[in-house]
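Novice: Give me coordinates for this.
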Amino acid sequence: MSPTAARTWCRCSNVTRGDAAIATWTYAKSQKVANLHRLAQATVLVESGEDYAELRGVSMECDVTIIEDIEQIVAIGQELTGRMFDKR
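Specialist: Okay, the predicted model is just below:
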């Protein structure tokens, strides 16, 4: 299986405690999820910044947990949707 890049919004939490978690959202029937069921690992690139001088990022090799609890899925989806449309 060859790696694919897929751009998504993400939520990072617990960074200061040392047990950081990254949450993102996709359709349960997507190829991305099918691949993660076979091998629950991902390389994640998180970037920040607008102008070139501000850009920064980090690449991480991560173990993946697929969340199937509806309440957790809705909470993650609402947070990510709010971030997409909050352009202050």
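
Novice: could you show me where the helices are in the chain, in order?
Specialist: 31-38, 70-85 (DSSP state H).

Novice: Of all those helices, which one is nearest Cys62?
Specialist: With C-beta to C-beta, the closest approach to Cys62 among these belongs to helix 31-38: 10.8 Å. In short, each C-beta sits where N, CA and C put it, glycine included.

Novice: pLDDT averaged over that closest one - what is it?
Specialist: Helix 31-38 comes out with an average pLDDT of 91.

Novice: how about that helix: buried residues?
Specialist: 35-36 (16 or more other C-beta atoms under 10 Å).

Novice: how about the helices of the chain, which one is nearest Ala21?
Specialist: Among those, the nearest to Ala21 by C-beta to C-beta is helix 70-85 (10.7 Å).

Novice: contact partners of that closest one?
Specialist: Applying C-beta atoms under 8 Å, 6 or more residues apart in numbering, the contact partners of helix 70-85 are 9-11, 23-25, 67.

Novice: rerun at 7 Å
Specialist: The contact list for helix 70-85 (C-beta atoms under 7 Å, 6 or more residues apart in numbering) reads 9, 11, 23, 25, 67.
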